[in-house]
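>>> missing the sequence, but the structure's below:
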């Protein structure tokens with residue numbers, strides 16, 4: 001939007017509206033049980049397609065020294081699996097990619113932190129919005145700078161990192177109860193003030209009515 005205005009666009013006619021991402025009212029809550037993850041474990045999770053896969057969050061997890069931490073990856077690529085095999089990384093749960101809304105939200109319900117990363121950064125991500133709806137603190141990685149939509153998404157409610165070491169530091173910090181609760185509250189506030197389905201729907205309807 002800023003570039004469009006700088007190139008002569010009419011600022012009064014510009015409105016940035018987030019993606020319209022529906023969130024179901026109910027979903028199963030069996031993720032940990034199905035995947036034999038202890039109820040008291042601290043779980044980092046990510047769901048990701050193959051073509052944009054990045055190893056950063058998994059590499060950061062591998063540097064942690066805590067037997068009661070898990071990393072759950074929904075989808076991902078062969079590179080993730082090979083990395084864990086080559087480096088004997090324990091407590092990583094791999095799940096097949098799915099388009100099931102219930103399974104995605106069961107997954108998000110069962111993790112503690114959304115450990116996002118993508119090789120090209122990120123657009124305005126539906127997966128981050130879905131994690132926000134669950135109040136999950138978010139860590140992300142800057143990527144190669146091709147896309148920077150995630151920078152806006154996690155601003156004031158998550159952590160944007162620029163190295164594996166910085167990513168791992170935030171993973172550790174989020175295990176502190178007070179900090180975790182603070183970041184979870186920030187995520188929920190941003191979701192309900194920016195990304196909530198009903199709010200975005202209203203903006204879209206107002207835009208079409210105005211034009």
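The structure has been received and is ready for your questions. None of these values were measured; they are calculated from a predicted model.

>>> got the phi and psi for residue 102?
Dihedral pair for residue 102: phi -60, psi -50, per degrees, to the nearest 10.

>>> separation between the closest residue in space to it that isn't next to it in sequence and residue 33?
Excluding the flanking residues, the one nearest residue 102 by C-beta to C-beta, 6 or more residues apart in numbering is residue 27, at 5.0 Å. C-beta coordinates here come from the backbone N, C-alpha and C atoms, glycine included. To residue 33, residue 27 is 14 Å away according to C-beta to C-beta, to the nearest Å.

>>> ok, those two, which is more surrounded?
For residue 27 versus residue 33, neighbours defined as other C-beta atoms under 10 Å are more numerous around residue 27 (19 against 11).

>>> before we move on, what SS does residue 15 have?
coil (DSSP: H, G, I helix; E, B strand; the rest coil).

>>> where do the helices sit along the protein?
Ranges of helices in the chain, per DSSP state H, are 2-6, 31-34, 56-62, 78-87, 101-110, 126-133, 149-154, 164-173, 177-190, 197-210.

>>> who are the neighbours in contact with the closest residue to residue 180 other than its chain neighbours?
Nearest non-adjacent residue to residue 180, counting by C-beta to C-beta, 6+ apart: residue 174, 5.3 Å away. With contact set as C-beta atoms under 8 Å, 6 or more residues apart in numbering, residue 174 has these partners: 112-113, 137, 139, 180, 183.

>>> try it again at 10 Å.
Residues near residue 174 by C-beta atoms under 10 Å, 6 or more residues apart in numbering: 42, 44, 112-113, 115, 136-139, 159, 180, 182-184.

>>> and the helix or strand bottoming out on mean pLDDT in the chain, what does it pack onto?
None of the helices or strands of the chain scores lower by mean pLDDT, DSSP states H and E than strand 121-122, at a mean of 84. Applying 3 or more C-beta pairs under 10 Å, 6 or more residues apart in numbering; DSSP states H and E, we find strand 121-122 packed against strand 138-141, strand 147-148, helix 149-154.

>>> since that was my last question, I'll sign off now.
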